[in-house]
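*Asks:* the sequence and its predicted three-dimensional model are supplied below.
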Amino acid sequence: MLSVFANIEISNRDDAADFERGWIDKDKIRQIFVQSKVNSDSMVLCINEKIREFLGLRIIGTRLFQNRDGSRTSFPVATGVSVRFKNRNCLTNALVLPGNETPIFGKIPLTAMDLKIHPTKNELVGVHPEGWITVLK
């Protein structure tokens, strides 16, 4: 398993939409910078309950996940999550972990942002450093 840590910005997309509509000032967009574990074995973005509460993210349901030991656990799913790493960003849902667990940056947001873990540098880098993504025709 490859994993590193990266500083990412997580914000409330609903707040950003309200700003774009002129309903709130830009400084009212709830956002937070966190050190997240980048985990190539995890699929989704995981945040903790404290981050969800701070950002005011809505829960849209729960999802059942299987742990490494085969046991299953149900977690709430938050929506309207905007994630940024350097000059790349994406919108996604997030699994909400209890308490103050370390956030996890999984494969889905990594792929959406065209990022990978560089195996020898042990850091998060762009797959295409110039920022372009190959589109299949």
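*Replies:* Perfect, I can see it now. Numbers count the residues shown, from 1 in each chain.
*Asks:* and the residue nearest in space to the middle of the chain, how far from residue 101?
*Replies:* Relative to the mean C-alpha position of the chain, the nearest C-alpha, by C-alpha atoms, centre = their mean, is the one of residue 45, at 4.1 Å. Between residue 45 and residue 101 the distance, using C-beta to C-beta, to the nearest Å, works out to 13 Å. Backbone N, C-alpha and C define where each C-beta goes, glycine included.
*Asks:* can you pull the buried residues of stretch 37-52?
*Replies:* If you call a residue buried by 16 or more other C-beta atoms under 10 Å, then stretch 37-52 has these buried ones: 37-39, 42, 44-48, 51-52.
*Asks:* and if you look at stretch 74-83?
*Replies:* Buried residues in stretch 74-83, defined by neighbour count with 16+ other C-beta under 10 Å: 75-78, 80-83.
*Asks:* closest to residue 12 out of the residues you listed?
*Replies:* Within the buried residues of stretch 74-83, proximity to residue 12 (C-beta to C-beta) peaks at residue 80, which comes in at 6.1 Å.
*Asks:* my guess is that closest one meets residue 11, correct?
*Replies:* No: with contacts counted by C-beta atoms under 8 Å, residue 80 stays clear of residue 11, the gap being 9.3 Å.
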